[in-house]
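> 3D, please:
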Amino acid sequence: MKDKRPFSDGIDAIFEVVHRLRAPGGCPWDREQTHESLRPYLLEETYELLEAIDAGDDAKMSEELGDLLLQVAMHAEIAAEQGRFDARKVSEAVAAKMVKRHPHVFGDVSVANAEEVLRNWEHQKIQESRKAGNDESVVDRVPSSLPALAWALGLQKRAARVGFDFATSAAAAESVGEEARELAADAGDHDRAFEEMGDLLFAIVSLARSLKVNPEDALRVAGQRFRTRFVAAEAALRREGKSFTDLDEGEKLQLWEKTR
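I've put the predicted structure just below:
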């Protein structure tokens with residue numbers, strides 16, 4: 001007989017549903033899942049949420065947040081079945097951590113601005129790590145599994161919070177220029193060009209950060225602009241029975257300028 005019990009309202013509902021799906025007699029697919037098998041879904045749902053945020057679509061954001069919460073519920077349920085931890089412990093642990101790391105809200109510490117909050121946060125994590133006998137670097141906490149652009153940004157942010165940073169945006173911009181010149185000088189050597197290209201991209205991320213521009217967002221918007229112009233140019237050529245291969249460099253540039 002099918003289990004038709006009603007589920008709780010609010011945040012508990014999805015955790016109860018997942019518990020039933022994973023229970024004996026539940027869904028064969030859900031019961032087979034592991035932390036490892038769910039990895040691609042977690043990443044996919046995160047990117048779908050980011051896309052909804054970029055679009056400013058509230059309905060889609062709500063849906064994708066729910067899908068992301070489903071992933072949290074699945075991982076917590078799998079761990080609970082193995083006697084490791086459960087959803088309650090996950091929630092309580094992160095709540096306790098947030099209270100501890102916000103003494104300016106839950107204690108008597110005063111802060112001047114958001115930058116000071118981040119510096120205090122990093123200092124607390126360093127102190128906690130040292131008390132635990134851990135010599136971990138601040139940059140070791142940036143997951144290397146992140147996409148390269150986000151990883152580079154994370155490394156730089158962590159380093160900046162402990163004082164390792166360019167003094168000004170102008171200095172960061174000069175670094176970009178220097179790396180570009182080095183790349184141009186080594187363009188004929190593939191191995192050197194590979195290395196210098198990495199240094200140039202890393203410097204660009206640093207400049208973006210100093211200007212308080214998220215490089216991932218800036219690149220995504222630039223890609224969207226390119227896509228819009230390219231589609232328009234392609235459509236214009238198609239109406240004339242042509243393609244880009246039929247144009248010389250001057251004609252391509254002229255067409256591109258017309259589709260601004």
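> pLDDT below threshold where in this structure?
Low-confidence segments of the chain (pLDDT under 70): 1-6, 126, 129-134.
> which residues of it fall in strands?
For the chain, applying DSSP state E gives no strands.
> from the centroid of it, which residue is nearest?
A150 (5.9 Å; CA atoms, centre = their mean).
> any idea how far R239 is from D248?
Separation of R239 from D248 (CB to CB, to the nearest Å): 19 Å. (C-beta placed from N, C-alpha, C; glycine too.)
> contacting residues around stretch 215-226?
D54, P147, L149, A150, L153, I204, V205, A208, R209 (CB atoms under 8 Å, 6 or more residues apart in numbering).
> in stretch 62-77, what's buried?
Burial within stretch 62-77, assessed by neighbour count using 16 or more other CB atoms under 10 Å, is assigned to E64, L68, L69, L70, Q71, V72, A73, M74, H75, A76, E77.
> which residues does that stretch contact?
14-15, 17-19, 22, 30, 33, 35, 38, 41-42, 45-46, 48-49, 51-52, 85-87, 90.
> what about those, which are in helices?
Those of those mapping onto helices are 14-15, 17-19, 22, 30, 41-42, 45-46, 48-49, 51-52, 87, 90, per DSSP state H.
> of those residues, just the buried ones, ChimeraX syntax please.
With 16+ other CB under 10 Å as the burial test, the buried ones among the ones in helices among the contacts of stretch 62-77 are selected in ChimeraX as follows:
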select :14,15,17,18,19,22,30,42,45,48,49,52,87,90
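> what segments of the protein are helices?
Secondary structure of the chain (DSSP H): helices located at 12-22, 28-32, 39-55, 58-81, 87-100, 103-106, 114-131, 148-161, 169-185, 190-210, 215-239, 249-258.
> the ones you listed: which one's closest to S137?
Relative to S137, the nearest member of the helices of the chain by CB to CB is helix 148-161, separated by 8.5 Å.
> correct me, but D186 touches M197?
No - look at D186 against M197 with CB atoms under 8 Å: they stay out of range, at 9.4 Å.
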